[in-house]
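Q: For reference, the sequence and a predicted model appear below.
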Amino acid sequence: MPLDRRGFLIGASFALLGTAAKTKLWAQTPADVQLEIAPFKLEIAPKKIIQTVAYNGRVPGPLIRWPEGKPITIDVVNNSDAPEIVHWHGLWIPSGEDGAMEEGSPMIAAGGQRRYGFTPRPTGFRWYHTHVFAGHDLRRGGYTGQFGCFYIEPKQTPGAHDQEIFLTLHDWNAYMGGGGDASMDAFYDYATINDRMLGYGDPIKVREGQRVLFRVLNASATATHWLALAGHEFAVAAMDGNEVPKKAKVPAVRLAPAERIDLLVEMNRPGVWVLGETREEIRKAGMGIVVEYANLSGEPKWIDPPETLWDYALFANPASVPVEPDQRVPLVFESKFRGHGDFDYWMINGKSYPKTDTIPLQEGKRYRLAMRNKSGDDHPIHLHRHTFEVTCLDGKPLSGLHKDVVVVKANSNAEIDFIAANPGATLFHCHQQSHMDFGFMTLFRYV
Amino acid sequence: MLELHSNFTAEGSYPASGSRFTAEGLYPTNHAEHETVEITQGVNNYSEVGFYIFTSARSGDGWQWVGDHIRPRVRVPDSWHWPVGVSLSMEFGYQRASFSKDTWTMELRPIIDKLIDRWYFAVNPALERSFHGPSVPQGVGFSPSAKFSYDFNKYISGGLEYYASYGSITGVSSLHNQAQQFFPTIDLNVSSNWEINFGIGIGATANTDHLIVKGILGRRFDWTHHRAGSSKSPQ
C-alpha cells in the first residue's frame, strides 16, 4: 500500500516521539552499567607505562556479571579522541546493539555517548571489546586496553568449584616487524595477564585441595597464546563459554585471539608456581601470573609442560549420525601479497571487504560454512550474534563442540554449522585485527 | 645460517706477460671462481657472529684457500622502535698476500635499511683499515655500498646493488683508481629457510673487474625442532 502524506507524518511523529522518549530515558534512568572510554596510562610493572585507551580507567574493563534472561542497559561515554564502538562478543543480540558498524550499529563519536540495551544470552563466558579499524595504526582498536569479561550467569549454577578467577591475556606496544622473506606482522614489546607483567601483580592465592575455575580470555589483537600452570593439569570445562562434551585433561592450552576457555584445576601440589605462557620469551615479556598456595612463600617456579599439540577434537564427540545442513556455503581464504614491507590483504572467495559478496540467510535454516584456508596463516574465525558447532576439521567429523571463534589452521579445511535464528546483518571475520582490517570480513544478511 | 657466496669473474685482471701473476703480484681474477662459505650463529635477538672461509679456483692455479674473516654484528632491538633498521658489523681477518696485498684488514660496516610496502632500501657506509700491506699509510678507507629492490611478487624481488671503494677518507682516489660496481640482482624468497640471490656485476672503472656473475645460496637452521603449532614452537 503506498504511503500517503498522513501515513508518512504519523510515522514520522511516532519516530520523533520515540527518539524524544529515549533521550528522556537516558537523562532520567541510570543504566545498569556505565563504561567510560578514555585514554589511560597502565603501569604493567614499575616504570613500565603503557599509554592506551581503556574502559573505566582499568584493564581489563569491569567484569559484567549478569543473570540470564534479565534485560541490561549499558551507557557508554566516549571520552577518547576518536570514534568508538563496543562489541558484545558471543551474545545473541540484535544487529543494532551488537556493536559492529558493518552490521548497522552506530559509532559513538569522540565526546559522544550511547546507551546499549539488550537481554544477554546465551549463558556463559562472553566478553566485550572495541570493534574499530586500526589498519597501520597499532595504537588503536584491539591493540588497546578496550576489553572486558562478560559473564552471563545461568539460572542454575553447577558450582563444581571453590574459587573462580577471570584472567585476560593481552600484548602491548605493537609494531610492524618481520618482512624479509614473508609479509609484515604485528610484534609486541610486552605481554600481561590482566593488568600486570609476571612478577609484578598480586599472586592468586589458593589452598591445597581446592578446585579452582580459571576463566581465561585471549584479548590479544593478533597473537595466539599457550598457557600452562607449572606442576598442574587443566581440565577443560568450556570453550567460548559453552560446556564441552568431553572434559579432557591437558598440560597446556592454546588460545587464539578472542577465544575463551574455562579450566578446572585441582590444587594438589603445594608450592609457589607460575601460570604463564609456555614459551619462555613471551613469559619474559610478561605473560604470567603467580599462583601461591596458602602459608607458602618463595620464588615462583616454572616447569615446562610436555610439548603439546592442540586438537579441538579432544573435547568434542565423534560425529555419530551426520546431520545434513540445509545449505553449504563454501568459503575460501587467501592472502594477497602487498610487499614484504606491508601487511597482506585478505580475501574471502577472491574478494576483500567491503567488496566481498553478502551471503543470504533464511531464518530457521541450518547452514554449513565449508572453509578452506589456502593461506600460510592460522585464522581465528568469528561469527557474530550466533553460536556455531564445529562439525569437521580437515576431513575428521566431530560434534557437540559449540563455539563462536574457531581456528582454521594454515592450509587446512574446517566446517562449522549454525542455525540462522537471529535475524539481522551478521558479520563474519578473522579475529586477527590486522587480517580483518585488510579485507578478511564478509556479511551474512537474512532475506 | 650457512651461506655459499659464488662469484665468477667473467672479465677481470690478466697475468703479466710471462708470469702467473698480475703486474701487482696477485693472482689474476679473469675467469676466477671465488667460493666463500659464511657461517652465522645468532647470539640473541639483536646480535650474531659470522665466520667466512674464502677460497678461489682458476684454471692452472687449482683451488686455493684465500683467507678467513670473523664478523660480529649487533643491531638495534625492535623494541627501540626506530623508524629504520640499524646494525653495525665489524669484520676482521686475514687474506693471503697473493690475493690481496693488504693481508690483515678490518672493516666497520653500519647498515641502515628500510622496508616500505614493496620496496627495500639499504645503505652501508663502510670504513676499512689495513693493518699490514701497502694501504696502511692510506689510513681509513671509505667503501660504501647500497641496494634497493622491489617485490614483483611474494617470491621474486628485483633490484640494484652498488659497491664502491673511494680510497682514503682524507684523500679520495681518482675515478680511475676507484672501484665502482653495479649489480642488477634477483632475490628469490621461496622459503623462510632459504636465501637465494643472483646478480651480474658491471665494473664501471678501470680498477674494477668488468664483469662478475654472483650467486648466494643460504640455508637457515633451527636446532630446536619443535613441531609447528605446538606449545613450544616459536609461532
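A: Here it is on my side, so go on.

Q: Quick check: residues of the stretch 51-200 of chain A near chain B?
A: Listed as neighbours of chain B in the stretch 51-200 of chain A under the rule CB under 8 Å from any CB of the partner chain: A:173, A:175, A:177, A:179-184, A:187, A:189. C-beta here means a position set from N, CA and C on the backbone, and glycine is covered the same way.

Q: who wins for neighbours among those residues?
A: residue A:183 (25 neighbours; other CB atoms under 10 Å in any protein chain shown).

Q: Just give the nearest non-adjacent residue to it, would you?
A: residue A:344 (4.7 Å; CB to CB, 6 or more residues apart in numbering or on different chains).

Q: Distance-wise, check that neighbour relative to residue A:214.
A: Distance of residue A:344 to residue A:214, given as CB to CB, to the nearest Å: 34 Å.

Q: tell me the secondary structure for residue B:176?
A: helix (DSSP: H, G, I helix; E, B strand; the rest coil).

Q: for residue A:191, that is, sorry about that
A: strand.

Q: show me what contacts the residue nearest to it when sequence neighbours are not counted?
A: Sequence neighbours aside, residue A:287 is the residue nearest to residue A:191 in space, at 3.7 Å (criterion: CB to CB, 6+ apart). The neighbours of residue A:287, taking CB atoms under 8 Å, 6 or more residues apart in numbering or on different chains as the test, are A:169, A:171, A:191-193, A:197-198, A:225, A:276-277.

Q: Could you export stretch A:41-53 as CSV, CA atoms only?
A: The C-alpha trace of stretch A:41-53 is given here as CSV (Å, rounded to 0.1, in the frame of the first residue of the first chain):
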residue,chain,number,x,y,z
LYS,A,41,48.3,5.1,31.5
LEU,A,42,48.6,1.5,32.5
GLU,A,43,51.6,0.6,34.7
ILE,A,44,52.3,-3.0,33.9
ALA,A,45,55.4,-3.1,36.0
PRO,A,46,57.3,-0.4,37.9
LYS,A,47,58.2,2.4,35.5
LYS,A,48,56.8,0.4,32.5
ILE,A,49,53.9,2.6,31.5
ILE,A,50,51.6,1.7,28.6
GLN,A,51,49.8,4.7,27.0
THR,A,52,46.5,3.2,25.9
VAL,A,53,42.7,3.6,25.8
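
Q: Could you list the residues in contact with that stretch?
A: Contacts for stretch A:41-53 (CB under 8 Å, 6+ apart): A:37-40, A:54, A:59, A:80, A:130, A:139-140, A:144-146, A:172-173, A:190, A:192, A:195-197, A:199-200, A:286.

Q: interface residues of the stretch 301-447 of chain A facing chain B?
A: With CB under 8 Å from any CB as the criterion, the stretch 301-447 of chain A meets chain B at residues A:304-305, A:307-310, A:337-342, A:378, A:409.

Q: partners of residue A:264 in the sheet?
A: For residue A:264, the beta-bridge partners are residue A:213, residue A:235 (DSSP bridges).

Q: ok, it touching residue A:235?
A: Yes. Using CB atoms under 8 Å, residue A:264 makes contact with residue A:235 at a distance of 4.3 Å.

Q: Between the two, which contacts overlap?
A: residue A:247.

Q: quick one: what helix or strand has the residue nearest the centre of chain A in it?
A: The centroid of chain A falls nearest to residue A:258 when counting by CA atoms, centre = their mean (2.7 Å). Using DSSP states H and E, residue A:258 sits in no helix or strand.

Q: Now do the contacts for the closest residue to it other than its chain neighbours.
A: Nearest residue to residue A:258, sequence neighbours excluded (CB to CB, 6+ apart): residue A:431, at 4.0 Å. By CB under 8 Å, 6+ apart, the contact set of residue A:431 is A:256-258, A:380-382, A:405.

Q: Could you work out the most separated pair of the residues you listed?
A: Spatial extent of those (CB to CB) is set by the pair A:257 and A:381 at 10.8 Å.

Q: what touches both of the two?
A: Joint contacts of residue A:257 and residue A:381 (CB under 8 Å, 6+ apart) are A:405, A:431.

Q: and the nearest residue to residue B:194 once chain neighbours are set aside, how far is that from chain A?
A: Distances taken as CB to CB, 6+ apart place residue B:219 nearest to residue B:194, at 6.0 Å, with adjacent residues excluded. As judged by CB to the nearest CB, to the nearest Å, residue B:219 and chain A stand 12 Å apart.

Q: Identify the bridge partners of residue B:219.
A: Going by DSSP bridges, residue B:219 forms beta bridges with residue B:2, residue B:194.

Q: so who does it touch?
A: Taking CB under 8 Å, 6+ apart, we find residue B:219 in contact with B:1-3, B:193-195.

Q: how does it look with 7 Å?
A: Neighbouring residues of residue B:219 by CB atoms under 7 Å, 6 or more residues apart in numbering or on different chains: B:1-2, B:193-194.

Q: cool, and residue A:221?
A: A:141-143, A:174, A:186, A:257, A:433.

Q: In which helix or strand does it reside?
A: Using DSSP H and E, residue A:221 falls outside every helix and strand.

Q: which residue sits closest to it, ignoring its sequence neighbours?
A: That would be residue A:142: by CB to CB, 6+ apart, it lies 3.5 Å from residue A:221.

Q: Quick one: low-confidence residue ranges for the chain.
A: Using chain A here. Low-confidence segments of chain A, defined by pLDDT under 70: A:1-28, A:158, A:180.

Q: That was the other one, I meant chain B.
A: Looking along chain B with the criterion set at pLDDT under 70, you get B:235.

Q: could you measure the residue lying closest to residue A:99 once chain neighbours are set aside against residue A:148, distance?
A: Leaving aside its chain neighbours, residue A:99 sits nearest to residue A:87 (3.7 Å; criterion: CB to CB, 6+ apart). Using CB to CB, residue A:87 is found at 11 Å from residue A:148.

Q: Now do the shared contacts for these two.
A: residue A:128.

Q: got the residues of chain B near chain A?
A: B:78-79, B:81, B:115-120, B:151, B:153-154, B:189, B:192, B:226-227, B:229-232 (CB under 7 Å from any CB of the partner chain).

Q: Apply 6 Å and report the result again.
A: B:78-79, B:81, B:115-118, B:151, B:154, B:189, B:192, B:230-232 (CB under 6 Å from any CB of the partner chain).

Q: Report the buried members of those residues.
A: B:78, B:115, B:118, B:151, B:154, B:189, B:230-232 (16 or more other CB atoms under 10 Å in any protein chain shown).

Q: Leaving out chain neighbours, which residue sits closest to residue A:285?
A: residue A:191 (4.6 Å).

Q: And the residue nearest to residue A:183, how far from residue A:405?
A: In terms of CB to CB, residue A:344 sits 20 Å off from residue A:405.

Q: now do residue A:129
A: Look at residue A:129 and residue A:405: by CB to CB, they are 12 Å apart.

Q: Residue B:4 now?
A: 45 Å.

Q: Same drill for these two, tell me which one is more crowded.
A: Neighbour count, other CB under 10 Å: between residue B:4 and residue A:405, residue A:405 has more, with 22 against 13.

Q: Go ahead and confirm that one touches residue A:378.
A: No. Counting by CB atoms under 6 Å, residue A:405 stays clear of residue A:378, with 11.7 Å between them.
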